[in-house]
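In: Would you be able to build a 3D model of this:
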Amino acid sequence: MYLSGLQTYAFSHLLNSEFYWYRARSEALQDTPPGHKYQDNTGRHVAPAVDRHSHTSVGVPPDWENAVNSDRLERTNTSSSFRIMGAQTDSNQGQTGSASRASEAIKSKFQGRSCSIPVLIVVFVQTFIVASLVLIIPLIIAFQSMTSANDLSTSTGRNLANSLAIKIQNIEGELALEKIGSLIQYVTENTLGIYKTLQANVDTNNLDQVLYSFANADKYTAYAYNMYFGSYDNGMILLQKSGPEAILTTMPVGFAESHPNCKLCSYYTQNFSKADIEWAVKRNTFSAVGGWNLDTWTYYGFGFANFTFVPSQRPWYKLAATQNEKNAQVMYTEPYLFAGSGAGQTGGATAGITAVIPLYDDKRFLRGVYGSDIAFTDMHATLLKMINTPNSFIYVMTRAGILIGTSTNESILDTTGNLKQATEAVHPLIHLTANFLNNKLGSGKSDYTTLEGSFEAQGMYFQLRALAMEPHFVIVNGAPKTDYTGDIDAVLEELDNNLRASVQKIIGISVAVFVVMVCISCVLTYFSVTVPLSKITTIMVQATSFDFTAFKAMEKQKGNFITELGTMEKVFYTMIEKFAQSIKANRELSGANNNNQASGLASQNRGTANNQSARKI
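Out: Below is the predicted model of the structure:
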């Protein structure tokens, strides 16, 4: 049992009250005249006084001695049943005696609690609260700072990555635009050079001269693309580099007879079979593929090509024919499907565009059209070299949105074999960006060159650029943001994992330190506060039964090293010591009174006996 301050005060007050009661009673018993009853300040009646000289009562009724003995017995029984904070005596003894009345007096002034908690629990709760605040607040601040630092570093890195991504795409787009622009410029310049040669030095009616002119251009300029000429009467000669399929020629029936100076016109059909000739006559087209030896400057090995070709009906010829001799310039066709698939090197390409320019004679008569093809397969190879990230893409379309080249494996033809719109692409990134741009363009509009700029949609950066020259191709390049910020996201995830691990370690260490500190605090409190208080409590409990064994043991111990507890022990020891001395004095006084009363009774009995003897005599 642990006693609070109020309980200690009440107990000391009770002891002091009993002490003074015993003292006052002793003095009153000695000073009260014989034959009178003494009533103390508590209302308790005290036995009649006894003459201190004769040890006999004055005017005392015959049963006074029994009353005195009964009172002593009552005081002894009542004193032995004292309880802390006004505990009552046993119901069988009744509410009599000084201890019972003193306890009731204290209880009426102090209201105790039905339940209380030990000092150790109070110390534990206080330590827990203080330690929790000291631990949690810095942890919260530290965690927030660490999280903010992570967020700041990653957001800064992500912003830098995004900025870098835009710059990379700008450079990528500019390179693609420059590459394709250079290609167009290269073809344009070579077309103008061949045009000038044909116009000034070549008889275009003789296809031999046209072929040798192309061979010279290939030899001295290393021109990478094909060169061909279609005459007004549908004869055509094409040369691309050298090799067994370097020459493609096609002529209508009777063309060789009408051009006797053209040796090639008579030579290329020598290997035709009768069936080949019949087929060619039937379709009015003699088509053949042969080789060109750049070293020997000779053609060789012509074979039958099974396709019909009429130059004047092809898109490139029609486009050039729209010009007159005064405004003749290089023009580019819209994308179209190449004829003669499988024939010659050009026949391997499916689609492309053609740079064309018309040739007029001095009589303003259209002698024919010179052309050079740019196959979209060449564009695919060019675009593929510009890919910088795993998911980046580049595609080229006409200003009207026809897909003509991609860096992916996307086919530029639809299921019917025709060129398709970029919005019909199967590749998800091309499909998404093309449709985004189409929606941006608005209904009723088809010129994508008006949308030049940078865009961001569905986690992607992409840009659109258009050639300033003919044919005004539109180039779109881009990539998902993750291609540029993926490393930043990985760093962020790693930082989050490290932060989570650090938090777990910090929390574990903090909790361990917290538990150890609370345990240490509780242990120190137990030995420095709880144990001394429990000793005092034990002495107080034993004192209520007039047992001073623990009090005697306290005399051999030194006071508590805590100032307040040491003072409390000293005062408590003095109080108990006085209480013990008062009880001892009271017992001695009560013993003396008992002896006096016994002597008086004995004298009285002897006197009575003498009187009775005298009467008998």
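In: now stretch 434-453: mean pLDDT?
Out: Across stretch 434-453, pLDDT averages out at 88.
In: list the buried ones in it?
Out: Using 16 or more other Cβ atoms under 10 Å as the test for burial, stretch 434-453 gives 434-438, 448-449, 451. C-beta here means a position set from N, CA and C on the backbone, and glycine is covered the same way.
In: I would like the residues contacting that stretch, please.
Out: 395, 397, 399-401, 421-423, 425, 455, 457, 463-466, 472, 474, 476 (Cβ atoms under 8 Å, 6 or more residues apart in numbering).
In: Would you report which members of the buried residues of stretch 434-453 are assigned to helices?
Out: Judged by DSSP state H, the buried residues of stretch 434-453 include 434-438 as members of helices.
In: quick one: low-confidence ranges for the stretch 201-350 of the chain?
Out: Residues of the stretch 201-350 of the chain meeting the criterion pLDDT under 70: 340-349.
In: which residue ranges form the strands in it?
Out: Applying DSSP state E, counting those that start in this stretch to the stretch 201-350 of the chain gives strands spanning 227-231, 236-239, 243-251, 286-293, 298-304, 331-332, 336-337.
In: ok now the longest one, how far from the chain's centre?
Out: Just to be clear, that refers to strand 243-251. The chain centre lies 66 Å from the centre of strand 243-251; the measure is Cα atoms, centre = their mean, to the nearest Å.
In: could you say what helices and strands it packs with?
Out: Judged by 3 or more Cβ pairs under 8 Å, 6 or more residues apart in numbering; DSSP states H and E, the packing partners of strand 243-251 are strand 236-239, strand 286-293, strand 298-304.
In: do that again at 6 Å, thanks
Out: Contacts defined by 3 or more Cβ pairs under 6 Å, 6 or more residues apart in numbering; DSSP states H and E place strand 243-251 against strand 236-239, strand 286-293.
In: middle-most residue in this structure, spatially?
Out: Nearest to the mean C-alpha position of the chain, by Cα atoms, centre = their mean, lies Asp496 at 6.6 Å.
In: Give me the helices and strands touching the helix or strand hosting it, please.
Out: Following DSSP states H and E, one finds Asp496 within helix 482-525. Contacts defined by 3+ Cβ pairs under 6 Å, 6+ apart place helix 482-525 against helix 119-201.
In: one more time with 10 Å, if that's ok
Out: helix 119-201, strand 460-466 (3 or more Cβ pairs under 10 Å, 6 or more residues apart in numbering; DSSP states H and E).
In: Quick check: which of these is buried the most?
Out: When these are scored by mean count of other Cβ atoms under 10 Å, the highest mean neighbour count falls to strand 460-466 (a mean of 21).
In: And the nearest residue to Ala457 once chain neighbours are set aside, how close does it get to Glu470?
Out: In space, and not counting its chain neighbours, Ala457 is closest to Phe436: 5.0 Å by Cβ to Cβ, 6 or more residues apart in numbering. As for Phe436, its distance to Glu470 is 27 Å (criterion: Cβ to Cβ, to the nearest Å).
In: one step back: okay, the strands of the stretch 201-350 of the chain in a markdown table with mean neighbour count and distance to Ile141 next?
Out: Converted to a markdown table, those look like this (neighbours: other Cβ atoms under 10 Å; distance: least, Cβ to Cβ, whole Å):
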| stretch | mean neighbour count | distance to Ile141 |
| --- | --- | --- |
| strand 227-231 | 25 | 77 |
| strand 236-239 | 26 | 80 |
| strand 243-251 | 23 | 78 |
| strand 286-293 | 22 | 82 |
| strand 298-304 | 16 | 87 |
| strand 331-332 | 20 | 68 |
| strand 336-337 | 15 | 71 |
